[in-house]
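S.K.: here are the coordinates; sequence isn't available:
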Ligand SMILES: Nc1ncnc2c1ncn2[C@@H]1O[C@H](COP(=O)(O)OP(=O)(O)OP(=O)(O)O)[C@@H](O)[C@H]1O
Ligand SMILES: [Mg+2]
């Protein structure tokens, strides 16, 4: 579903240059759900941004469902790539209502910008979809999204990102700014939506236990490189401590002072 071949991405070429991605080769099968871990600055968000077309790689190629999208800009990939960010404010338009946000997402997933209007038929469908979230948002279709809590907003963003059943769903620490209970609910919702639509997912997380229990494969990035790639059934046998051990081994150093470690349990 996604193939990345020999990807490189360097920021600030010349002085202070940062090599954020170094020879990334990743082959993602349809319905794979890959969790991505690594320390701050390892290149996780850059990997997702390159997959979403926010910027092109300096070298290498990206194929989505067999099509070369390496130079295809973000807005032209929107119909087959859904994305949810860490910041609940980022995925939705605060001043627009819940139903307007859903209509906008639906248009984007169809590659259109016209027809954002909400018809009675659409409204009924949105009500049904929202009721799946179990948050009572189906009764608040004409409330501006700015009134929602972070968890409600992330749940809505998730629904919006998966509306057009994208070929690829990219989740970048999408529960990191939520309280633990809300985060668990949004993660459960993630599993439900992914299973229901059979989506292919890349999910960045700093929570190693989530990384091991969600999805079917875990990759670890370090200084722009994939240093571990663990699939089932091997992954099912690993504990968080095993994973930390593997990380330290691959990196050749201890993991003190690392956010990855702090968020491990
Ligand atoms: N737009 C940019 N301009 C310049 N440097 C950037 C840009 N985006 C990322 N970088 C740099 O690239 C490296 C990788 O950043 P990235 O955001 O991908 O890390 P990350 O693994 O997502 O980290 P975190 O866990 O903190 O979110 C970092 O050194 C970062 O400073
Ligand atoms: Mg990041």
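M.R.: Structure's in. What do you need? This structure is a prediction, so every number in the text was calculated from the model and none was measured. Ligands and ions are numbered 1, 2, ... in the order given.
S.K.: Only C-alpha atoms from now on, for both contacts and neighbour counts.
M.R.: Will do.
S.K.: mind listing what the residue nearest the centre of the chain touches?
M.R.: Central residue of the chain (Cα atoms, centre = their mean): residue 171, 1.3 Å from the mean position. With contact taken as Cα atoms under 8 Å, 6 or more residues apart in numbering, residue 171 is in contact with 83-85, 201-204.
S.K.: again, but for residue 108
M.R.: Residues in contact with residue 108 (Cα under 8 Å, 6+ apart) are 78-79.
S.K.: Am I right that it falls within a strand?
M.R.: No - counting by DSSP: H, G, I helix; E, B strand; the rest coil, residue 108 falls outside a strand, being helix.
S.K.: Just the pLDDT for it.
M.R.: Note for residue 108: predicted pLDDT of 83.
S.K.: separation between it and ligand 1?
M.R.: 24 Å (Cα to the nearest ligand atom, to the nearest Å).
S.K.: Give me the distance between that residue and residue 76.
M.R.: 9 Å (Cα to Cα, to the nearest Å).
S.K.: quick revisit: wasn't the residue nearest to the centre of the chain part of a strand?
M.R.: Yes - the assignment for residue 171 by three-state DSSP puts it in a strand.
S.K.: Pairing partners for it in the sheet, please.
M.R.: residue 84, residue 203 (DSSP bridges).
S.K.: Of the contacts of residue 171, keep whichever come out buried.
M.R.: Among the contacts of residue 171, those scoring as buried are 83-85, 201-204 (criterion: 16 or more other Cα atoms under 10 Å).
S.K.: where do the strands sit along the stretch 51-200 of the chain?
M.R.: 59-64, 67-68, 81-84, 168-172 (DSSP state E, counting those that start in this stretch).
S.K.: what comes into contact with stretch 121-132?
M.R.: With Cα under 8 Å, 6+ apart, stretch 121-132 has contacts from 99, 102, 136-139, 141, 156, 159.
S.K.: In helices, which of these fall?
M.R.: Counting by DSSP state H, the contacts of stretch 121-132 place 99, 102, 156, 159 in helices.
S.K.: related to what we said a few turns ago, ok, the buried ones among the contacts of residue 171 vs ligand 1, which is closest?
M.R.: Closest approach to ligand 1 among the buried ones among the contacts of residue 171 (Cα to the nearest ligand atom): residue 204, at 8.1 Å.
S.K.: and the closest one, what pLDDT?
M.R.: So, for residue 204, pLDDT stands at 98.
S.K.: for it, what are its contacts?
M.R.: Contacts of residue 204 by Cα under 8 Å, 6+ apart are 35-37, 44-45, 171-173.
S.K.: Please identify, among those, the one with the most neighbours.
M.R.: The most crowded member of the contacts of residue 204, judged by other Cα atoms under 10 Å, is residue 36 (29 neighbours).
S.K.: gap between residue 212 and residue 39?
M.R.: 16 Å.
S.K.: Repeat that for residue 223.
M.R.: 9 Å.
S.K.: for residue 184, same thing?
M.R.: 22 Å.
S.K.: and these two? which has more neighbours close in?
M.R.: Set residue 184 next to residue 39 and count neighbours by other Cα under 10 Å: residue 39 wins out with 17 against 14.
S.K.: do you know how far that one is from residue 150?
M.R.: For residue 39, the distance to residue 150 - Cα to Cα - is 25 Å.
S.K.: quick one: the longest helix along the chain to strand 168-172, angle?
M.R.: In the chain, assigned by DSSP H, the helix with the most residues is helix 180-197. Inter-element angle recorded for helix 180-197 and strand 168-172: 170 degrees (by axes from the mean of the first three to the mean of the last three Cα atoms, to 10 degrees).
S.K.: Output the contacting helices and strands for helix 180-197.
M.R.: Secondary-structure packing of helix 180-197 (3 or more Cα pairs under 8 Å, 6 or more residues apart in numbering; DSSP states H and E): helix 150-162.
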